[in-house]
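A.B. asks: Next comes the sequence, and after it the predicted model I'd like to discuss.
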Amino acid sequence: MEKSSLLQTNQEKEPKRSVTGINIQFLNIFFIVITAIVFCFILVISNTVNNRFHAVENAIDKFITCEQSSELIKESANYLTDQARLFVVTHKTDYVEAYLEEINITKRQQKALEELEKVCSEKDLALQRLKIAMEQGQSLITMELYAIRLAYKVIGTDEIPEQIRAIPIRALDENLPKEKLQESTVNNLFGEGYLIYKTRINENCRLTIAAIEQQIKDELNVNSNELGSNINRLRLLFLALLIVNILLFIAFAYLIILPLEKFKTSIEKDERLNVIGSLECKHLAESYNEIYELKAQNERSLLKKAEYDALTGILNRRAFDQVCKNSSEKKQAIALLLIDMDNFKYINDNYGHAGGDTALKELARILTETFRTDDYVARIGGDEFAAILPQCSKSATSIIKQKILSVNEKLVNIKDNIKPVSVSVGVAFSDDGFTEDLFKRADKALYIVKEKGKRGCEVYEDNYVTEE
């Protein structure tokens with residue numbers, strides 16, 4: 001049965017398997033969705049981090065504003081105290097003008113409170129304490145203005161600012177002599193009551209700053225803890241994103257890039273493709289293999305139509321040369337066997353040409369049965385045969401020798417009991433298809449077999465010297 005028929009029969013026996021595997025399009029969509037989800041989480045957490053940073057920034061601004069406002073109220077109160085005290089002691093009206101300018105025009109205490117109200121709510125302890133300090137400060141201003149009014153009475157001048165003139169003098173102080181009145185005036189600003197009020201204002205300012213510091217510290221702790229947690233979440237998400245990208249690269253490399261590289265190598269060697277990789281790659285490999293098998297069948301069909309040896313029915317020299325040419329173009333690993341029938345002249349002389357023909361036909365039949373269906377066995381001369389074994393490397397040496405041993409054993413008892421019939425075989429291997437050098441090496445190995453007494457098999461070694 002011919003090789004093409006055997007191949008067709010084998011293909012008919014093997015049902016086409018349904019291809020299963022990972023769909024790269026689905027995998028691509030899966031990774032895109034995962035990446036999008038991770039990015040959404042990153043955006044949400046980044047927005048939270050941004051809000052926390054703004055919260056920290058606002059807390060710091062609030063602290064600065066509260067501290068500045070508290071200090072400004074204290075500075076203003078001290079300034080007013082100094083101006084009032086200087087006037088009642090020196091009776092210089094410049095101090096009164098500076099005092100009135102502070103409470104009527106500069107208004108540092110009022111401005112400080114307005115700035116604080118911009119960053120604090122009515123429930124903030126800092127704002128409440130500063131308002132208390134402001135109320136106490138207003139009491140101090142009332143005491144200071146009254147002391148200034150008494151000082152003007154001591155001076156006895158009519159050039160009194162209207163705001164000071166409008167302050168009524170208590171009956172207790174109305175009829176006091178100037179010495180007592182001056183003493184009362186100084187006592188109003190340097191006495192224990194005034195100092196208590198002053199101490200309370202300063203204490204409230206201090207407590208305000210302390211409350212602000214504690215409040216800001218609490219806010220910063222909360223925000224910093226949240227920031228730390230969110231930053232850790234961001235790190236995990238970026239790590240997850242990195243892992244997703246690594247998995248994506250590995251998946252594409254394993255399912256697409258590596259299979260394509262192997263496909264390229266197999267195509268260059270004119271071999272079937274291994275059905276590997278993604279579902280798309282597997283479909284591609286199967287489609288290619290179908291085309292490859294069709295092409296192989298066509299090649300075998302063309303080879304079948306070439307000239308066959310009329311006597312033995314196997315390939316003749318012309319067909320063998322075509323096989324060698326095809327092998328040379330494919331650049332694939334092959335083994336070349338040059339086979340000589342031993343004692344052919346003796347057989348012809350003793351059994352006649354009919355006996356010689358029988359021996360040749362029997363040898364052809366045994367060689368065809370011994371070697372694979374994909375191997376090419378040809379008669380290239382009178383008693384000279386050759387075989388080309390595709391996809392065969394030097395690791396098959398022992399198998400080839402065993403096959404030749406089997407051939408010689410079968411030739412002992414051939415048809416018509418023709419004896420003695422045996423073969424001498426020279427073998428050479430190539431990784432680049434058929435070459436003239438390959439033929440010379442196989443011929444050299446055959447020569448060595450003949451030298452050793454025929455009936456055997458020799459594989460060419462690199463230390464042999466081929467004849468040019």
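C.D. replies: Received, thanks.

A.B. asks: what residues are up against Tyr190?
C.D. replies: Residue 190: Phe, not Tyr. Phe190 makes contacts with Arg85, as judged by CB atoms under 8 Å, 6 or more residues apart in numbering. The way it works is simple: take the backbone N, C-alpha and C, and place the C-beta from them, glycine included.

A.B. asks: Distance of it relative to Ala133?
C.D. replies: Note on Phe190: its distance to Ala133, by CB to CB, to the nearest Å, is 21 Å.

A.B. asks: for stretch 218-225, which positions count as buried?
C.D. replies: By 16 or more other CB atoms under 10 Å, the buried positions in stretch 218-225 come out as 219-220, 223.

A.B. asks: typed the wrong thing, it's stretch 68-76
C.D. replies: Neighbour-count burial for stretch 68-76, counted by 16+ other CB under 10 Å, picks out 69-70, 72-74, 76.

A.B. asks: do the same with stretch 136-152
C.D. replies: Judged by neighbour count (16+ other CB under 10 Å), stretch 136-152 contains these buried residues: 136-137, 140-141, 143-152.

A.B. asks: Tell me where the model's unsure across the stretch 251-400 of the chain.
C.D. replies: Residues of the stretch 251-400 of the chain meeting the criterion pLDDT under 70: 300-306.

A.B. asks: Recalculate using a threshold of 90.
C.D. replies: Applying pLDDT under 90 to the stretch 251-400 of the chain flags the ranges 251-308, 310, 329-332, 343.

A.B. asks: residue ranges of the helices in the stretch 201-350 of the chain, please?
C.D. replies: Here the stretch 201-350 of the chain has its helices, by DSSP state H, counting those that start in this stretch, at 258-268, 279-305, 317-330, 344-370.

A.B. asks: can I get the CA coordinates of the first one in PDB?
C.D. replies: Put plainly, it is helix 258-268. These are the backbone C-alpha positions of helix 258-268, laid out as PDB (Å, rounded to 0.1, in the frame of the first residue of the first chain):
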ATOM      1  CA  LEU A 258       5.900  32.000  22.400                       C
ATOM      2  CA  PRO A 259       3.400  30.000  20.200                       C
ATOM      3  CA  LEU A 260       4.100  32.400  17.300                       C
ATOM      4  CA  GLU A 261       7.800  31.900  17.700                       C
ATOM      5  CA  LYS A 262       7.400  28.200  17.600                       C
ATOM      6  CA  PHE A 263       5.100  28.400  14.700                       C
ATOM      7  CA  LYS A 264       7.700  30.500  12.800                       C
ATOM      8  CA  THR A 265      10.400  27.900  13.600                       C
ATOM      9  CA  SER A 266       8.200  25.000  12.500                       C
ATOM     10  CA  ILE A 267       7.200  26.800   9.300                       C
ATOM     11  CA  GLU A 268      10.800  27.500   8.400                       C
END
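
A.B. asks: Show me what that helix is packed up against.
C.D. replies: Under the contact definition 3 or more CB pairs under 8 Å, 6 or more residues apart in numbering; DSSP states H and E, helix 258-268 sits against helix 279-305.

A.B. asks: Would you mark the buried spots in the helix it packs on?
C.D. replies: Neighbour counts over helix 279-305 (16+ other CB under 10 Å) mark 279-282, 284-285, 288-289, 292, 296, 300, 303 as buried.

A.B. asks: Same check on stretch 185-203?
C.D. replies: Judged by neighbour count (16+ other CB under 10 Å), stretch 185-203 contains these buried residues: 185-186, 188-189, 194, 197-198, 200-201.

A.B. asks: and if you look at stretch 75-93?
C.D. replies: Buried, per 16+ other CB under 10 Å, within stretch 75-93: 76-77, 79-81, 83-88, 93.

A.B. asks: coming back round to it: which of the buried residues of stretch 185-203 fall within helices?
C.D. replies: For the buried residues of stretch 185-203, the ones inside helices are 185-186, 188-189, 194, 197-198, 200-201, with DSSP state H as the criterion.

A.B. asks: what's the most distant pair in those residues?
C.D. replies: Checked with CB to CB, those reach their widest spread between Thr185 and Arg200, with 22.2 Å between them.

A.B. asks: Regarding Leu389, what is its secondary structure?
C.D. replies: The three-state label given to Leu389 by DSSP: H, G, I helix; E, B strand; the rest coil is strand.

A.B. asks: Against Val377, how distant is it?
C.D. replies: From Leu389 over to Val377 the distance is 10 Å, taken as CB to CB.

A.B. asks: Would you mind grabbing the residues shared as contacts by the two?
C.D. replies: Here Leu389 and Val377 share the contacting residues Phe371, scored by CB under 8 Å, 6+ apart.

A.B. asks: What degree of burial does the nearest residue to Asp124 once chain neighbours are set aside show, as a neighbour count?
C.D. replies: Leaving out its chain neighbours, the residue that sits closest to Asp124 by CB to CB, 6 or more residues apart in numbering is Gln215, at 7.5 Å. As a burial measure, Gln215 scores 18 neighbours (other CB atoms under 10 Å).

A.B. asks: if I read this right, Gln215 contacts Leu125, doesn't it?
C.D. replies: Yes. Assessed by CB atoms under 8 Å, Gln215 is found in contact with Leu125 at 7.0 Å.

A.B. asks: What separation is there between the nearest residue to Asp357 once chain neighbours are set aside and Lys345?
C.D. replies: Among residues not flanking Asp357 along the chain, Leu311 sits closest, at 5.9 Å (CB to CB, 6+ apart). From Leu311 across to Lys345, the span is 17 Å (CB to CB).

A.B. asks: And the two? Which one has more around it.
C.D. replies: Neighbour totals were compared for Leu311 and Lys345, and Leu311 leads with 14 against 10 (other CB under 10 Å).

A.B. asks: Alright, calling it a day.
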